[in-house]
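# could you work out the structure for the sequence below:
(one chain, ligands or ions: 1)
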Amino acid sequence: MSDAFDAHGFTRLNEGEVWKLEAGGNYYVSRNDSALIAFRIPKNGYVGYQIMASHADSPVFKIKTNAEIEVDNAMIKLNVEKYGGMICAPWLDRPLSIAGRVVIDTDKGIETRLINIDKDLLIIPNLAIHMNHDVNNGYSFNAQKDMLPLFGDIDAKGGLLRIIAEAAGTKESAILDTDLYLYNRNKGTVFGANNEYIASGRLDDLQSAFSSMKALLLSEPKRNIALHCVYDNEEVGSLSKQGAASGFLKDVMGRINSAFGKSDEEKLILLQNSFLISADNAHCVHPNQSDKADPTNRPYMNKGIVIKYSANQKYTTDAISGALFRKICNKAGVPYQTFANRSDMIGGSTLGNISTSQVAVNTIDIGLPQLAMHSCYETAGARDTAYLVKAAQVFYSSSVEGIGNGSYSLS
Ligand code: ZN
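Numbers count the residues shown, from 1 in each chain. Reported below is the predicted structural model:
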C-alpha cells in the first residue's frame, strides 16, 4: 500500500516528526509497518471525516523462536503457534513458505527488513487415513502436534537461520529477532462456469482493504477529509498499538486537527459530521450448508455489499448508519444486501465497535460476501470488489453532516 500511495504522489508522514499539512494535500502514515492510514484533505478545508477502516491481518501460523525440531535424527520440522482462529485442515498437504520481518543489528541501532522466501519450502503433512481411521468423522487438530511443518531431512539442521539471513541480505550473526509467518503458496484464481468467483488466501480482509485503497486513490473529497485506515491484529482482538483498540486513528485525526488549528469544541463538532465504514468480509449462504444462514437475511456472492446487523452491537450498524449507507449505495448505483446471524448462533465480531470506542462517530459494519472465512484459501464473488470500490469512492467524495434530532444531510 505504501508503494501505491508513493506512486500516486501521497506524502509519507512519520509519527516521530512534526506534521506540516496543507489543504488539498494527500498523506499517509504507517504504524509498525503493519497498519496504515492515508488521507486526502479537501482544497477548501474540512468540516468532518469520511473514514473507511479494514484490517490487514489474517489467521496464520507464526514461527516460534528456536523453531527447529529434530525427529529421529532423520528430519527437521518447525515449531509454530497459531495467530488467530484459522480452519486448520486446509493448511495441510499444500506448499507453504515463510514471510515476515527480520530485525538486524547495525552500527547505529537496529534495522527492519521485510522478507519473503519465494519458493515452496514447507508442507504440513496429514497422517494417513490408515493410521487415523476417524479423520473424516470430526478430528480435533492439536496445534503443538498436528500442525508443525516439515522443513527438510537431517542435512537441513541449522538451515532455517541461513535461509532467513540470505532472504534478508545479511549474515546469520546479524539477526537479532524476527516476526515470521507461514503462508499458503497457492496463487489466487478465477473460477466458476462463467468465471464468477475468485479464490485466494486472505480475502478476509484484504478484499476490503484493497477496495478502500483503490477508492481513496480515485476519489475527490469535497467538504470532508477522506481517510483510509487499515488496522493490524483484528484477528487477535485488536489490543495492540497498531490495532483498532489503539489510538492510531484518534492520534492521526488529532494531529490533523491540530495542524489546522481546530479548537477543542470544533474537534467535537467535527465528530458529528463524520462517518466510519467498518469494512470486513461477511458470510454468504453456503451451498452445502444453507440452513446455517438467517432465514430472511441471506447474502449471496456477486449480489453486492453486505450490511451487517447485530442487536447486541457486535456490529455497529443501526437504523441511522444503515440508512445513510443505503443512500450512499443508491447514489453509487451499487447493489447491497443484509446479514444477521441466526438468532441461535453467536457469530463473529469485527473492528467497528472497537474503533468506535476510540473515535465515537456514526459507524456501519459492512463487508463483501465470501465462503470459507479463515481458511487459507477463501472464495468470494468476482464482481463484488468493484461494487465496494464504487460505493467507497462515492462515500469518500461525500459529506455526512449532523443537523440534530437524528437528522443528517448527505451531500
Ligand atoms: Zn475479518
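# got the contact list for stretch 325-337?
The list of residues contacting stretch 325-337 from outside it, by C-beta atoms under 8 Å, 6 or more residues apart in numbering, reads 277, 297-300, 303-307, 317, 364, 366, 369, 387-388, 390-391, 393-395, 398, 410. C-beta coordinates here come from the backbone N, C-alpha and C atoms, glycine included.
# buried ones in it?
Buried positions in stretch 325-337, judged by neighbour count with 16 or more other C-beta atoms under 10 Å: 325, 328, 329, 332, 334, 336, 337.
# just the ones of these in strands?
336, 337 (DSSP state E).
# now the buried residues of stretch 325-337 in CSV, with pLDDT and distance to residue 233?
Putting the buried residues of stretch 325-337 into CSV (pLDDT from 0 to 100; distance: C-beta to C-beta, whole Å) gives the following:
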residue, pLDDT, distance to residue 233
325, 97, 26
328, 97, 28
329, 98, 29
332, 97, 30
334, 98, 30
336, 98, 28
337, 98, 29
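# as a markdown table, the buried residues of stretch 325-337 with distance to residue 150 would be great.
Listed next are the buried residues of stretch 325-337 as a markdown table, based on distance: C-beta to C-beta, whole Å:
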| residue | distance to residue 150 |
| --- | --- |
| 325 | 47 |
| 328 | 49 |
| 329 | 48 |
| 332 | 48 |
| 334 | 46 |
| 336 | 45 |
| 337 | 43 |
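# stretch 313-324 near the ion anywhere?
No. Stretch 313-324 stays clear of the ion (C-beta under 5 Å from the ion), getting no nearer than 12.1 Å.
# how far off centre is that stretch?
Put simply, stretch 313-324 sits 21 Å off its chain's centre (C-alpha atoms, centre = their mean, to the nearest Å).
# which helix or strand lies directly C-terminal to the lengthiest strand in the chain?
Determined from DSSP E, the single longest strand within the chain is strand 60-71. Downstream of strand 60-71, the next assigned helix or strand under DSSP states H and E is strand 75-83.
# mind listing what that following strand pairs with, with the direction of each?
Applying DSSP bridges, strand 75-83 is found paired with strand 60-71 (antiparallel), strand 150-153 (antiparallel).
# what residues sit buried inside the first one?
Think strand 60-71. Buried positions in strand 60-71, judged by neighbour count with 16+ other C-beta under 10 Å: 60, 61, 62, 63, 67, 68.
# try stretch 305-323
305-310, 314-317, 320-322.
# likewise for stretch 224-241?
Neighbour-count burial for stretch 224-241, counted by 16+ other C-beta under 10 Å, picks out 224-235, 238, 240.
# what residues does the chain have near the ion?
So far as C-beta under 5 Å from the ion goes, the chain lies against the ion at 204, 205, 280.
# let's go with 6 Å and repeat that
Within the chain, the positions adjacent to the ion are 55, 204, 205, 234, 280, 281 by C-beta under 6 Å from the ion.
# next step: those residues restricted to helices.
Judged by DSSP state H, those include 204, 205 as members of helices.
# which of the residues of the chain next to the ion sit farthest apart?
Greatest spatial distance among the residues of the chain next to the ion (C-beta to C-beta): 234 and 281, at 11.1 Å.
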